[in-house]
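**Student:** pasted the sequence and its predicted model underneath.
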Amino acid sequence: MSKPIKMIGIGDNGQGSLLPQYVKWIEESEVLVGGERSLAFFPDYRGQKLVIKGSLSELMDQLKSEERSLVILASGDPLFYGMGGYVSKKLESVSFYPHTSSVQLAFARMGESWQDAYVTSVHGRTMKGLAQRMDGKDKIALLTDETNTPSVIAAYLLAFGMTEYAVFVAENLEGEEERCGWYTLEQLLSSTFSPLNVVILKKQFAGPTWSIGIEDDQFAQRKPDKGLITKKEVRVLSLSQMGLQPDSVVWDIGTCTGSVAIEAARIARDGSVFAIEKNEDDLKNCLENSIKFRVDITAVQGRAPKGLEAFPDPNAIFIGGSGGEMQELLELCSTRLQPGGRIVLNAATIETLYEADQTFTKLGFDVTVTLVQVSRSKPILHMKRFDALNPIYIITAKHKQADAEEVNNGE
């Protein structure tokens, strides 16, 4: 059986960041594992050094059979966006001894509390979807990399109009070239920074806010044919039928203005939304609206079901328009929908209702239909009257649940 493994967090000032006991453990170990920068802090180490480079899984396989005493070095807190979580799953008997995380140090340099901060990482990750995840939050800490630099982050935020944030950048924390300072988003665009940095955003004034059920006239729509939008009341009911979770993957087919996709993205902030629209002008409006309402969705031009193959399997699908390929579209959606997911279709005609109901039933779904008839008040002189909107059928298809008897019998 291999000996217990120690994973020790280290700062940018090397051995100066470690407790004497940690240094003693390192000196007494027979194998020292870490990145090139971390290993360089121990030039006189007498055991074998293993550089973390390339495939982590291959390294873990090698360490599983290691009989010598072993210490792994990692930057900061290995269990905070580090490789500690991966190591704990692959190796047994690992003990963790974290150093102060870079985010904790950055807030210390700011002199600000951080228990209420939203912390996320764009290190080695796409920034896609960051807009809706961070919108409205007062403090945001971002771990960056050489691609997602402070200037790239600033350009991203400015694209979504998030000008209410001032930015604190902390570079080379605890190192000889440590530098910290406040910047505006515009200043960041022309600034360069060390690759080792943390970005903290702090709200300076209130930005725009929206609750579920955004008013129809807030969306850019095709003119002069205004009205090509899923109306607010129908939109809210359709969203409730979709069963969205914070991390849901959502498809919006026939997105038009993007109203459903946008509201879905504001609910599934940690998930992702994929929209498709055949009309070029409507797609432009959708993209304009997504910027206004600060959601970073993927919206493409196409006539479904073509184009859906590029989207990941969804937890929820909204169909606002089928373009005439109803059966083919529903069959494809049914094969791609994740277990427990839902398909919600809006129909304005009884023919579409009938076809959708018959197709979903043949595909083995549980189908429910809600007829929505909404009238809105309208002033007439000093009085009010009601204008009726077109009635809409909300068709919801869900995977059938196994009977309790079948579950108990293991069938």
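**Tutor:** Noted; the coordinates are in hand.

**Student:** contact partners for Gln241?
**Tutor:** For Gln241, the contact set (CB atoms under 8 Å, 6 or more residues apart in numbering) comprises 342, 344, 370, 394, 396. Every residue, glycine included, has its C-beta placed from N, CA and C.

**Student:** against Ala166, how distant is the closest residue to Met83 other than its chain neighbours?
**Tutor:** Of all residues not flanking Met83 in the chain, Ala74 sits nearest, at 6.1 Å (CB to CB, 6 or more residues apart in numbering). Separation of Ala74 from Ala166 (CB to CB, to the nearest Å): 31 Å.

**Student:** what backbone torsions are found at the residue sitting nearest the centre point of the chain?
**Tutor:** When CA atoms, centre = their mean is applied to the chain, the residue found nearest the centroid is Asp270 (3.7 Å). The phi/psi pair for Asp270 (degrees, to the nearest 10) reads phi -90, psi 0.

**Student:** shouldn't it be in contact with Thr120?
**Tutor:** No. Applying CB atoms under 8 Å as the test, Asp270 and Thr120 come out as separate, 9.5 Å apart.

**Student:** can you list the domains in this structure?
**Tutor:** 5-99, 103-203, 216-407 (automatic domain parsing).

**Student:** and the helix or strand harbouring Asp61, what does it pack against?
**Tutor:** Assigned by DSSP states H and E, Asp61 belongs to helix 56-64. Packed against helix 56-64 by the contact rule (3 or more CB pairs under 8 Å, 6 or more residues apart in numbering; DSSP states H and E) you find helix 84-90.

**Student:** extract the CA atoms of the helix it packs on and return them as CSV.
**Tutor:** The C-alpha trace of helix 84-90 is given here as CSV (Å, rounded to 0.1, in the frame of the first residue of the first chain):
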residue,chain,number,x,y,z
GLY,A,84,-6.9,19.2,-5.5
GLY,A,85,-10.4,18.0,-6.3
TYR,A,86,-9.2,15.9,-9.2
VAL,A,87,-6.3,14.5,-7.2
SER,A,88,-8.6,13.5,-4.3
LYS,A,89,-10.8,11.5,-6.7
LYS,A,90,-7.8,9.7,-8.3
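
**Student:** what lies in contact with it?
**Tutor:** Contact partners of helix 84-90, identified using CB under 8 Å, 6+ apart, comprise 7, 56-57, 60, 64, 72, 74, 77-79, 94, 96.

**Student:** pull out the buried positions in that helix.
**Tutor:** Across helix 84-90, burial judged by 16 or more other CB atoms under 10 Å covers 84, 87, 90.

**Student:** would TSV of those with pLDDT be doable?
**Tutor:** As requested, those are exported to TSV (pLDDT from 0 to 100):
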residue	pLDDT
Gly84	94
Val87	94
Lys90	93
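
**Student:** burial of Asn289, as a residue count?
**Tutor:** As a burial measure, Asn289 scores 24 neighbours (other CB atoms under 10 Å).

**Student:** now the closest residue in space to Gly11 that isn't next to it in sequence: phi and psi?
**Tutor:** Distance criterion CB to CB, 6+ apart; nearest residue to Gly11, sequence neighbours excluded, is Ser17 at 3.1 Å. Torsion angles at Ser17 (phi, psi; degrees, to the nearest 10) stand at phi -90, psi 0.

**Student:** show me the contacts for the residue nearest to the centre of the chain.
**Tutor:** Applying CB under 8 Å, 6+ apart, the residues near Asp270 are 129, 133, 246-247.

**Student:** ok, Glu288 next?
**Tutor:** Applying CB under 8 Å, 6+ apart, the residues near Glu288 are Ala220.

**Student:** helix/strand/coil for it?
**Tutor:** Look at Glu288: counting by DSSP: H, G, I helix; E, B strand; the rest coil, its state is helix.

**Student:** so it versus Pro78, what's the distance?
**Tutor:** Glu288 is 43 Å from Pro78, by CB to CB.

**Student:** again, but for Ile8
**Tutor:** 8 Å.

**Student:** hmm, back to that, find residues that contact each of Asp270 and Thr120.
**Tutor:** Arg133.

**Student:** ok, which stretches of the stretch 51-200 of the chain are strands?
**Tutor:** With DSSP state E, counting those that start in this stretch as the criterion, the stretch 51-200 of the chain has strands at 70-75, 94-97, 118-121, 139-143, 165-171, 179-183, 197-203.
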